[in-house]
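Visitor: Dropping a prediction and its sequence here:
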Amino acid sequence: MKLSISAKIILGHVPLVSVMILIAAYALASLNEVGKISKEIVERDIVLIEAANNMISTLLAQESYGRRYVILQSPQMRELFLQRSKAFDAEIARIRTLQKQDNIPSGKLAVLHKEFNDLYEDWLKNLGNATASLTREYDQKIKGKLDELTDLIQTMVSDVKQNQNRQILRATGAGLKAFRLTAILASIGILLGIGSATFTIRNIARSIHQLKLSTREISEGKFDHVPNVTADDELGELAGAFGKMARRLARLEEVSLDANPLTRLPGGIAIENVLKHRLAGKRPLAFCLIDLDNFKSFNDRYGYAMGNQVITTTAALIQKSVSKHGAENDFVGHIGGDDFAIITTPDKYERVCQYMIKKFDKKIIGFYNADDRANGCIRGKTRQGEEVRFPIMTISIAVVTNEEKTAINHIKIGEIAAELKGHAKSIPGSVCVVDRRGKNVSSAPRT
């Protein structure tokens, strides 16, 4: 039967009820304080960090759709722009529901975001009479407002992290104080001569000591330290909460450090860790290495801003393909530049890849101007005056599964995928090349 700390003390130490109740009351009060701190970190600070990451991603997407609408004047782009605007406002509404609104500039975020939207609205109204100088003026104002919003969000995240450190140090102090006073009261109980009291007190002291150590280790960024508390009581529950908090903080820190700044997708470290974890668990998987063909020539002709739009559009398309045709726990990562990775299951990769190729080929043509679309390529000249042609961008996918490969590791999978990708890029059009049971099978190229 599960008993609270006070119930255990009363039932086991009737002659020492007064001393034991005092120990339990103070320990519970201290633990309650630490629990409130942990709860605030989980329910407020972590939610704020998540909301901040969502706002940055949403804001970048909104800005991207806004510029595409200015260029293409497509109602669909305008609708996507408005959807991202609503999503940003939803995140502001979300953080306004949190307790303790100190250092949360939700009002200023809302004002700046409205000013950002108004700039785009004014620009759209003046598109018909737009001059080069007016376009540059709106472009500079929008970039400035975007930077101002991003800086404010990053400042909010920095304040939240500083608050986390203060809260963790506060919890450390509370745990240390509780440990010292409980030790003194426990000594009094020992002097009263009850052996069972000694046993109970030592268990309580050990648990609190473990929590104190965990608090200190977590405050120093060692998120892999979990309190060694096995008691089936409040201390055990608090230890479990510490473990969950530490794992969540570790994941958030890893994602924050490793995420690609443009697409906000996990980077190379996260991809490697997921691949190793699934291989270690002997789970069937398909590793898809994705690369854009002729991206550099596009970037050289249209500029890095358009190149970034292609990258973010591709990232969104990959995520949509996985969401629509992949498995529940599929993983999408951004290695860097125009290289992406998907970790799915052998029974899902084919539909994911074929859907991705179909949608990419349909969407990418819209990034080229009318002349290049008509020519079917980008025309240029070398320094020697020789004419060269760069085809419209295509997508190459190399797929490696662990079917029939029980001894394969993540390094070998990467090597095979890189080799297959080189083969895929030599095939005209968008293709998916698969390494399966020693046989290379490639999809038909795009015509």
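Guide: Sure thing, it's come through.

Visitor: What segments of the stretch 1-150 of the chain are helices?
Guide: Remark: helices of the stretch 1-150 of the chain, listed N- to C-terminal, are 5-12, 17-40, 46-72, 75-96, 106-125, 132-191; assignment by DSSP state H, counting those that start in this stretch.

Visitor: closest to D372 out of those helices?
Guide: Taking Cβ to Cβ, helix 46-72 is the member of those nearest to D372, at 14.5 Å. (Each C-beta comes from the backbone N, C-alpha and C, glycine too.)

Visitor: and of the helices of the stretch 1-150 of the chain, who's closest to I397?
Guide: Nearest to I397 among the helices of the stretch 1-150 of the chain is helix 46-72; the distance by Cβ to Cβ comes to 23.8 Å.

Visitor: and that closest one, what does it pack onto?
Guide: Helix 46-72 sits against helix 75-96, helix 106-125, helix 132-191, helix 234-258, helix 304-325, with contacts defined as 3 or more Cβ pairs under 8 Å, 6 or more residues apart in numbering; DSSP states H and E.

Visitor: that older thread, tell me which of the helices of the stretch 1-150 of the chain sits most buried.
Guide: Mean neighbour counts were compared across the helices of the stretch 1-150 of the chain using mean count of other Cβ atoms under 10 Å; the top stretch is helix 46-72, at a mean of 20.

Visitor: Could you tell me how far that one lies from the centre of the chain?
Guide: 14 Å (Cα atoms, centre = their mean, to the nearest Å).

Visitor: angle of it against helix 75-96?
Guide: Computed with axes from the mean of the first three to the mean of the last three Cα atoms, to 10 degrees, the direction of helix 46-72 lies at 160 degrees from that of helix 75-96.

Visitor: how about the helices in the stretch 251-400 of the chain?
Guide: Using DSSP H, counting those that start in this stretch, the helices found in the stretch 251-400 of the chain span residues 268-280, 295-302, 304-325, 349-364, 370-375.

Visitor: Quick one: distance of the second one to the chain centre.
Guide: It refers to helix 295-302. Counting by Cα atoms, centre = their mean, helix 295-302 is centred 29 Å from the centre of its parent chain.

Visitor: ok, now which ones touch the closest residue to S57 other than its chain neighbours?
Guide: Spatial nearest neighbour of S57, chain neighbours left out: R264 (4.6 Å); criterion: Cβ to Cβ, 6 or more residues apart in numbering. Under the criterion of Cβ atoms under 8 Å, 6 or more residues apart in numbering, the contact list for R264 reads 53, 56-57, 60.

Visitor: rewinding a little: let me have the helices of the stretch 1-150 of the chain in a markdown table, extended by mean pLDDT and distance to F390.
Guide: Formatted as a markdown table, the entries for these read as follows, by pLDDT from 0 to 100; distance: least, Cβ to Cβ, whole Å:
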| stretch | mean pLDDT | distance to F390 |
| --- | --- | --- |
| helix 5-12 | 62 | 72 |
| helix 17-40 | 75 | 55 |
| helix 46-72 | 86 | 21 |
| helix 75-96 | 88 | 26 |
| helix 106-125 | 85 | 32 |
| helix 132-191 | 81 | 27 |
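
Visitor: K425: which of those is closest?
Guide: Closest to K425 of those is helix 46-72 (Cβ to Cβ; 26.6 Å).

Visitor: Walk me through the domains of the chain.
Guide: Partitioning the chain according to automatic domain parsing yields domains covering residues 1-258, 268-442.

Visitor: where does D435 land in three-state SS?
Guide: With DSSP: H, G, I helix; E, B strand; the rest coil as the basis, D435 sits in strand.

Visitor: correct me, but it touches V400?
Guide: Yes. At 4.9 Å, D435 and V400 qualify as touching, with contact defined as Cβ atoms under 8 Å.

Visitor: Now for those two: what residues contact both?
Guide: Counting by Cβ under 8 Å, 6+ apart, the common neighbours of D435 and V400 are 416-417, 420.

Visitor: from those residues, which single one is nearest I190?
Guide: Comparing every one of the shared contacts of D435 and V400 with I190 (Cβ to Cβ), the shortest separation belongs to A417, at 64.2 Å.

Visitor: nearest spatial neighbour of that closest one, skipping sequence neighbours?
Guide: Take A417 and drop its neighbours on the chain: the residue closest to it by Cβ to Cβ, 6+ apart is L289, 4.0 Å away.

Visitor: What's the local residue count around that neighbour?
Guide: 24 (other Cβ atoms under 10 Å).

Visitor: Out of the helices of the stretch 1-150 of the chain, flag the one nearest G336.
Guide: When the helices of the stretch 1-150 of the chain are ranked by distance to G336, counting by Cβ to Cβ, first place goes to helix 46-72 at 17.1 Å.

Visitor: quick one, the closest one and helix 17-40 angle?
Guide: Regarding helix 46-72 and helix 17-40, their directions subtend 10 degrees when assessed with the same axes, to 10 degrees.

Visitor: which residues sit in contact with the residue lying closest to N409 once chain neighbours are set aside?
Guide: Once flanking residues are discounted, N409 sits nearest to L279: 6.5 Å by Cβ to Cβ, 6+ apart. Listed by Cβ under 8 Å, 6+ apart, the contact set of L279 reads 285, 402, 408-410, 413.

Visitor: Could you do S396 as well?
Guide: With Cβ under 8 Å, 6+ apart, S396 has these contacts: 290-293, 421, 424-425, 427, 430-431, 433.

Visitor: in the sheet, who's paired with it?
Guide: The residues paired with S396 through beta bridges, assigned by DSSP bridges, are D291, V431.

Visitor: what's near enough to touch H410?
Guide: Contact partners of H410, counting by Cβ under 8 Å, 6+ apart, are 272, 275-276, 279.

Visitor: and of the residues you listed, the nearest to R166?
Guide: Using Cβ to Cβ, E272 is the member of the contacts of H410 that sits closest to R166, with 33.9 Å.
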